[in-house]
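1. okay, here's the prediction I keep looking at, along with the sequence it came from:
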Amino acid sequence: MAEFLNHWLFFSEVWLIAGIIFILAEMLIGAAYFLLALGISAVIMSVVLYLQAMGFYLFLNDWADLSILYGILSVVAILIMKRFLQDRVQKSDINKY
């Protein structure tokens with residue numbers, strides 16, 4: 001199983017396709033920016049793996065390193081989106097006196 005993951009997860013195209021699927025799913029479902037953050041993180045992973053394939057040495061050696069980086073990128077993207085894309089319109093409350 002580890003050989004299977006090591007083989008497929010190091011293709012930047014796989015991450016790019018996953019990112020596009022997550023972004024399209026966000027557009028169709030509207031999951032409060034959660035899938036959008038996962039999609040953006042997957043696209044960033046695609047760029048990172050492409051740079052590594054072009055000769056930039058990074059610390060990504062196996063599937064565990066990829067999953068840790070993807071998890072960190074996803075959490076950061078979710079926090080940024082919740083911070084900047086949340087509803088900023090304050091509604092009047094009937095209970096305010």
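-> Received the coordinates, thanks. Numbering: from 1, shown residues only.
2. name the SS class of Ser92, please.
-> coil (DSSP: H, G, I helix; E, B strand; the rest coil).
3. same question, the one 3 residues further on
-> Assigned with three-state DSSP, Asn95 falls in the coil class.
4. what is the burial count for it?
-> Other residues lying near Asn95 total 4 when counted by other Cβ atoms under 10 Å. All C-beta spots, glycine's among them, are computed from the backbone N, C-alpha and C.
5. and for Ser12?
-> 18.
6. quick one, what contacts the residue nearest the centre of the chain?
-> The residue lying closest to the centre of the chain (Cα atoms, centre = their mean) is Ser41, at 2.2 Å. Applying Cβ atoms under 8 Å, 6 or more residues apart in numbering to Ser41 gives the contacts Gly19, Tyr70, Leu73, Ser74, Val76, Ala77.
7. distance of the fifth one relative to Asn95?
-> Distance of Val76 to Asn95, computed by Cβ to Cβ, to the nearest Å: 36 Å.
8. that older thread, name the nearest residue to the residue nearest to the centre of the chain, sequence neighbours excluded.
-> Leu73 (4.0 Å; Cβ to Cβ, 6 or more residues apart in numbering).
9. can I assume that neighbour is in contact with Met45?
-> Yes: Leu73 lies in contact with Met45 (Cβ atoms under 8 Å); the separation is 6.7 Å.
10. more neighbours, these two?
-> Taking neighbours as other Cβ under 10 Å, Leu73 and Met45 compare with Met45 leading, 24 against 19.
11. helix or strand for the more buried one, which one?
-> Take DSSP states H and E as the rule and Met45 turns out to sit in helix 34-53.
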